[in-house]
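> Kindly return the folded structure for what I paste below:
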Amino acid sequence: MGEPDRLEREIEEILGKIENFPAPNSRRARKLRTQPVADAFARRVRAVVRDLSRISVSQVMLFSFLIILGSFFFRGAGVVTAWALYGGVILLIVSFAIMMFGNRGRLSRSHQKTVWRSRNVSYGTYARPTVRGRVGQPTPTLLIRIRRWWAHRMNRSRP
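The predicted structure follows:
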């Protein structure tokens, strides 16, 4: 029987503390201490990250291919072109791996369910015939077919 009494006491303590809350005007009146150097640095970092987030993986692959191609054309320029070639190859391999395996854990936009008024809503391609003649099922792109093949191959090799 001690349980309801304890709960009532705790509720009354919480309600008593709520009455001591500062008024909304006094809460707004408090100013945050500004640190101009730290704020400027944080704004600059956010701007750089925002700019970097606009770069896609395919753009990185294209850039690495251009680095490799440029280092082949300017081979006589010295040791810098050799390092550019190595860097371009590494960047190409890493960006290809990210493109192939990077989206494995997340659902793509087309696979997410949208619920509106307790009903599932899908914005798929309805009544649009595909190459194979099936309605509503677009043909997979080459990249999707390669990913499926690779996933099937990897699943077969596991014991």
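
> By mean pLDDT, flag the weakest helix or strand of this protein.
Each helix and strand of the chain was given a mean pLDDT (mean pLDDT, DSSP states H and E); the minimum falls on helix 24-29 at a mean of 62.

> Determine the number of other residues adjacent to Ser71.
Neighbour count of Ser71, defined by other CB atoms under 10 Å: 20. From N, CA and C alone the C-beta is placed, and that goes for glycine too.

> roughly how far is the helix or strand that it is a member of from the heart of the chain?
Under DSSP states H and E, the secondary-structure element containing Ser71 is helix 57-73. Its chain's C-alpha centre lies 24 Å from the corresponding centre of helix 57-73 when counted by CA atoms, centre = their mean, to the nearest Å.

> Any stretches of the protein with poor pLDDT?
Residue ranges of the chain with pLDDT under 70: 1-2, 22-33, 103-112, 122-138, 157-159.

> In contact with Phe72, which residues?
Remark: with contacts taken as CB atoms under 8 Å, 6 or more residues apart in numbering, Phe72 is in contact with Leu85.

> what's the spacing between it and Gly87?
14 Å (CB to CB, to the nearest Å).

> again, but for Phe74
14 Å.

> Same question for Lys17.
Look at Lys17 and Gly87: by CB to CB, they are 60 Å apart.

> These two - which one has more neighbours?
Between Lys17 and Gly87, counted using other CB under 10 Å, the more crowded position is Gly87 (14 against 9).
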